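In: Mind looking at a prediction? Sequence and model below.
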Amino acid sequence: MCFILACTNYLARRNPKMFVRISHPIAVLFVILTTFFFVGLHMFYVVPQLLDVAGLMYKLDWLLAIFTMYNIFGNMLACHITNTSVESLPKDRQFPEPGEEHLWHYCDICQKLMPPRSWHCILCKCCILKRDHHCIFTATCIGHNNQRYFFWFTFFMALGTGAAWAIHFIATLQYFSFSDLISSDFHRDNLPPYWLVFTLILNSYILAAPLSSMLLQISVLILNGTLHDFNSDTYDLGLWENFKMIVGKQVFWTFLSPTVKSPLLHDGTQWNEKQSDIIKH
Ligand SMILES: [Zn+2]
Ligand SMILES: [Zn+2]
């Protein structure tokens, strides 16, 4: 995993334009195809091994699958179309207020002062407000304005692949009796089909990426940090405030849909530090 990250970083730095042109469509297509493949596999082949397809539970499972898919694709799209660059700010907010100049820093590439916690992305070619990282799966940078969508995107990806894995595992397990498992004595005629075992292993690999991304986002949320300053607690205002800072004023309602309006607490130019008495929003 680290090797892949090191390679992508190297390629991104070496030829940013080419990297964006190739990696973005491949990564986005990968998410779309993988999601459809696993939903189809899960609903048409794995779940019918456990549930009656004419029953209520199967219909409820379809509703959950559609809700999860809607939130995966909805948050992915919202992430992509939400501008989180410093340029997205109104013109008068793109300059420090009197007395705050020392908190801003100069970007050599954009050639102007930038707000605290923003930094330049060579792929987006601009400075990003509270930049977290550049995500090829949403084909954009993750920062102050779209981190809410990225958080729920990783959450629903992990939830979907995790739930699919659990049901897949149970469907495979039903081919073995408890005494088989205790004695490790598996009868040949009672083994699960090869495709079920193969897709369970595939599901395990696919689960790893969104699960680790979601755990990273939760770690970032706990300290109100970014992937850039991962261990820093400089802006940690407590778990609840940190969560609101990312998802906005509607907090848990944002779980329902990316279309839920949830204004952020501030515009991303002024940041309260931990135990700071100066509160400016
Ligand atoms: Zn810049
Ligand atoms: Zn970027």
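Out: Sure thing, it's come through. Residues are numbered from 1 along each chain as shown. Ligands and ions are numbered 1, 2, ... in the order given.
In: ok, and does the helix or strand hosting residue 57 reach over to ligand 2?
Out: In the assignment (DSSP states H and E), residue 57 maps to helix 56-81. No: judged by C-beta under 5 Å from the ion, helix 56-81 stays clear of ligand 2, getting no closer than 11.4 Å. Quick note: C-beta positions are derived from backbone N, CA and C, even for glycine.
In: name the helices or strands packed onto that helix?
Out: On a contact count with 3 or more C-beta pairs under 8 Å, 6 or more residues apart in numbering; DSSP states H and E, helix 56-81 meets helix 16-41, strand 140-142, helix 147-173.
In: quick one: which of these is nearest residue 260?
Out: The closest of the helices and strands packed on helix 56-81 to residue 260 is helix 147-173. By C-beta to C-beta, the value is 9.7 Å.
In: Which elements pack onto that closest one?
Out: Against helix 147-173 (3+ C-beta pairs under 8 Å, 6+ apart) you get helix 16-41, helix 56-81, helix 194-223, helix 239-247.
In: The same query, at a cut-off of 7 Å, please.
Out: Helix 147-173 is packed against helix 56-81, helix 194-223, helix 239-247, with contacts defined by 3 or more C-beta pairs under 7 Å, 6 or more residues apart in numbering; DSSP states H and E.
In: Just say helix, strand or coil for the closest residue to residue 31 other than its chain neighbours.
Out: Leaving aside its sequence neighbours, residue 31 sits nearest to residue 137 (C-beta to C-beta, 6 or more residues apart in numbering; 5.3 Å). The three-state label given to residue 137 by DSSP: H, G, I helix; E, B strand; the rest coil is coil.
In: on that earlier part again, with mean neighbour count added, can I get the helices and strands packed on helix 147-173 in a markdown table?
Out: Output for these, formatted as a markdown table (neighbours: other C-beta atoms under 10 Å):
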| stretch | mean neighbour count |
| --- | --- |
| helix 56-81 | 16 |
| helix 194-223 | 16 |
| helix 239-247 | 17 |
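In: the inter-axis angle of the helix holding residue 57 versus helix 194-223?
Out: 50 degrees (axes from the mean of the first three to the mean of the last three C-alpha atoms, to 10 degrees).
In: Helix 56-81 to helix 147-173, inter-axis angle?
Out: 150 degrees.
In: mean confidence score for helix 56-81?
Out: On average, the pLDDT along helix 56-81 is 96.
In: Next secondary structure element downstream of it?
Out: Helix 56-81 is succeeded, C-terminally, by strand 105-107 (DSSP H and E).
In: chain center to that following strand, what's the gap?
Out: 28 Å (C-alpha atoms, centre = their mean, to the nearest Å).
In: The very next helix or strand once past it pairs with which strands?
Out: Downstream of strand 105-107, the first helix or strand assigned by DSSP H and E is strand 112-114. Paired neighbours of strand 112-114 in the sheet (DSSP bridges): strand 105-107 (antiparallel).
In: residues of the partner strand that come out buried?
Out: residue 107 (16 or more other C-beta atoms under 10 Å).
In: sorry, back to before: I'd like the distance from the helix holding residue 57 to the chain centre, please.
Out: 14 Å.
In: Could you check the angle that helix makes with helix 16-41?
Out: Counting by the same axes, to 10 degrees, helix 56-81 lies at 170 degrees to helix 16-41.
In: who in this protein is up against ligand 2?
Out: Counting by C-beta under 5 Å from the ion, the chain sits next to ligand 2 at 121, 123, 124, 134, 141.
In: Make a markdown table from the residues you listed and add distance to ligand 1 and pLDDT to it.
Out: Formatted as a markdown table, the residues of the chain next to ligand 2 follow (distance: C-beta to the ion, whole Å; pLDDT from 0 to 100):
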| residue | distance to ligand 1 | pLDDT |
| --- | --- | --- |
| 121 | 8 | 94 |
| 123 | 12 | 93 |
| 124 | 9 | 94 |
| 134 | 13 | 93 |
| 141 | 11 | 95 |
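In: now the residues you listed as a markdown table including neighbour count?
Out: Below are the residues of the chain next to ligand 2 laid out as a markdown table (neighbours: other C-beta under 10 Å):
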| residue | neighbour count |
| --- | --- |
| 121 | 21 |
| 123 | 18 |
| 124 | 18 |
| 134 | 24 |
| 141 | 25 |
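In: Thanks a lot, see you next time.
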